[in-house]
Structures are given as structure tokens and as C-alpha cells.
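Asker: okay, predicted coordinates and the sequence, questions at the end:
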Amino acid sequence: MAPVAPRSGDAIFASVERVNAELFTLTYGAIVRQLLTDLEEVEEVNKQLDQMGYNIGIRLIDEFLAKSNVARCVDFKETAEVIAKVGFKMFLGVTASVSNWDADGTCCSIVLEDNPLVDFVELPDTCQGLYYCNVLSGVIRGALEMVSMKTEVTWVRDMLRGDDAFELQVKLLKQVPEEYPYKDDE
Amino acid sequence: MIGVGKIKQYSNVLDKPLSKGKQEVSLSAFAFLFSELVQYNQTQVDNIAELERRLEDAGYAVGARVLELLCHRDKGNRRETRLLGILSFVHSTVWKVLFGKVADSLEKGTEHEDEYMISEKELLVNRFISIPKDMGTFNCGAFVAGIVRGVLDSAGFPAVVTAHFVPMEGQQRPRTTILIKFAEEVLRREARLG
């Protein structure tokens, strides 16, 4: 079978079923509020949001690969570009940009100017330590783990904390070698 | 690209222009998120009734905000004050904004004067949900029931709202009916207004 050309984020987003972003935004807000009530500690909420994101990421990658026809990325640089240009567009309808590469190409920033999670949101004084969008970092971490990359994803800038954009730092910790053939008895 | 390099810095959420509500995200993004909401709440409860109550609470928070948002954006800060008005607002306006379509039907209960039903053949939140046998009558539509209750309650129409599966002849999947039972005071007020 001839290789299929990878599709652009815009083309995929235009072809998938979509829902109103406000339903998404408000539902996410309801989740965060529920976590704050249940867990009380902001730190715990951050952790739980990250965990939820991770759970989403490990499943979302399948849909991503199936719909995008993206071929194996040659290096981490390409991976980051694909996440920013195709991944974010395909699911959230926004594009991100990649910048701040370190010298060995294992650490970069993904910058979001538009973020559908935070419409209507303002952090009250009691929640200043909250990484409201922590679900996103979990999604990236989970999705990359499924394609053999261990990463660490942290927030560098957050508009809810007064910064001018949302910036996630993605750091490649380890590329897990794929083992083949898989042994049945393991 | 428009907006690049423009300084976007708002300290207060109220200073921002209100979006027109035309933005969209992929259905999968919502479905993934909703699935996490359900799974998380499953870890917090011992029984189905509690799970439905928690989903309803989450929905209520959405509903209360949807009412405020839509009244402000679409209705010039006015809201419906009559029973049928608010019901059709939920059935048409709210449904259209949240789910992209008007609800399939809005009916009055035949046995009780205070009951109304909004039915949907394929409720958005139930699209990718299949209920395990051991969970009986559990319906994730409880979240939508919560949204409806949030809208109604915040508009001054307290009601008990529940979601039920109703099997349909010739259809593989049951439809979901949102049953609205208004509080007594609402009907008394309606009667007085004539």
C-alpha cells in the first residue's frame, strides 16, 4: 500500500465531528471545581488533573495516529512540531508554536495563545498554586509515553497567573527502545 | 495571522470581550474529558444513586453558568419568567448552543400536571458510553439532567430533574428522556399568573 500523505491539522479538524467549545470549557470548569471541593489541597488537584490528562493521553494517541496519517517522526524536534501544529489543532481547534529549544534538542516550549479551557476563568486568591490547565500537560505526557518517549511536562507561563501566554516545557527524558519480537511469556 | 504580536493581557475576566460562542473543539476532546469526569466520580462513590447525584451536581454548575451566559449574550439580560417560556428556552436555545441541535421533543407528562419531558434519541454525552450490566439503570445523562436543573433553578424554577433510558421500538439503543418535575411553588405561581 502506498504511504498516505499526512494530513494538516486544519484538514482533520474540519473533517471531525465538533462540539461547542463552551460546553467543553464549562464541563472542564465543573471538573476542576469538583476536584477542589473533594481534595481541598491545590497540590492534590494539580496531581489529579495531570493524572486525568495522562489517562486521556494514552487513549488519545490512537485516534491521533489513526486520523492524522503522520509517519514516524525522525527526531524530537519533529515530534514537538507535530504536537503543536496537528495535535492541538485536531482536538482543540487551536494551534500552538514551538520555541526555546535547548542545545541537544531534547527540551522545548510549546506556546499557546488561545486556550479553550480557560474562557470565563479567573483564579481566586485561594487557588493561586493551581495549574488550571494541568490536564494538558498530562495529555502530552501520556500520549508520548505510548510512542516510546518518556517526558516531563511543566508549566512555564500561565495567563491565569498573569503571564502573556500559556507555555509548556516539554523535556525528553528517555527514548524507550521498542522491543521486537515481543516475548509471549513475559 | 491576526492577533500575533498583539499584547493580550487582561487582569480581569470581565474586561475581556465576551466570545460569540462560535468556537468549537473536537467531539473526541469533549468525550475524553467527559469520560474522565465519570471515571473520577466512580472512584468517589459507593453506589449508582450517588454517582448520578455527583454527575448531576457537576452538570448543575454548568447549567447555572449557561443561563447567565445566554441571557446576557442572546437575550439582552432578560430571562423567561413563564413555565412554557423557560421550557422552550431549554429545549431550543440551550440545547442548540450546547449540543448543536434542538432537542428531539418536549412533552408534557400525561399522568402528572407538574411533569415535563425532554427526549433525545442520541444524547451527546451518551454517544460513546455503554453501561455495564452490573450498573443497572445508571445513565450518564444525569449530567445533562444537572445542566437542565441548573438552568431552571437559577431562573427561578426549582425542579427535580432526572435522566432515564426509554427503549424505543425498532431502535437498537434506547433514547434518553430528561424528566422535569417542577416544585409546587412554581405551579402555584403559574396558576396565579393565569
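Answerer: Received it, and whenever you're ready, just let me know what you need. Numbers count the residues shown, from 1 in each chain, chains lettered A, B, ... in the order given.

Asker: run a quick neighbour tally on residue 16.
Answerer: Unless you meant another one, I'm taking chain A. Residue A:16 has 18 neighbouring residues, counting by other C-beta atoms under 10 Å in any protein chain shown. C-beta coordinates here come from the backbone N, C-alpha and C atoms, glycine included.

Asker: oops, chain B please
Answerer: Applying other C-beta under 10 Å, we find 12 residues neighbouring residue B:16.

Asker: low pLDDT regions in chain A?
Answerer: Applying pLDDT under 70 to chain A flags residues A:1-4, A:182-186.

Asker: and the helices in chain B, which stretches?
Answerer: Applying DSSP state H to chain B gives helices spanning B:27-42, B:48-74, B:83-88, B:95-99, B:142-154, B:184-193.

Asker: for chain B, what are the low-confidence residue spans?
Answerer: Ranges of chain B meeting pLDDT under 70: B:1-11.

Asker: go again with 90.
Answerer: Applying pLDDT under 90 to chain B flags the ranges B:1-22, B:73-79, B:110-111, B:113, B:127-137, B:168-173, B:194.

Asker: tell me the secondary structure at the closest residue to residue A:36 other than its chain neighbours.
Answerer: Leaving out its chain neighbours, the residue that sits closest to residue A:36 by C-beta to C-beta, 6 or more residues apart in numbering or on different chains is residue A:45, at 5.6 Å. State at residue A:45, reduced to three classes by DSSP: H, G, I helix; E, B strand; the rest coil: helix.

Asker: any idea how many residues pack against residue A:45?
Answerer: Using other C-beta under 10 Å, residue A:45 has 25 neighbouring residues.

Asker: for it, give me its contacts.
Answerer: Residues near residue A:45 by C-beta atoms under 8 Å, 6 or more residues apart in numbering or on different chains: A:32, A:35-36, A:39, A:130.

Asker: again, but for residue B:116
Answerer: Neighbouring residues of residue B:116 by C-beta under 8 Å, 6+ apart: B:87, B:106-109, B:179-180, B:182.

Asker: if we can go back for a sec, for the contacts of residue A:45, give me a markdown table that also has distance to residue A:109 and secondary structure.
Answerer: Formatted as a markdown table, the contacts of residue A:45 follow (distance: C-beta to C-beta, whole Å; DSSP: H, G, I helix; E, B strand; the rest coil):
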| residue | distance to residue A:109 | secondary structure |
| --- | --- | --- |
| A:32 | 24 | helix |
| A:35 | 26 | helix |
| A:36 | 28 | helix |
| A:39 | 29 | helix |
| A:130 | 21 | coil |
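
Asker: adding distance to residue B:16, write these out as JSON lines.
Answerer: Converted to JSON lines, those look like this (distance: C-beta to C-beta, whole Å):
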{"residue": "A:32", "distance to residue B:16": "19"}
{"residue": "A:35", "distance to residue B:16": "25"}
{"residue": "A:36", "distance to residue B:16": "23"}
{"residue": "A:39", "distance to residue B:16": "29"}
{"residue": "A:130", "distance to residue B:16": "20"}
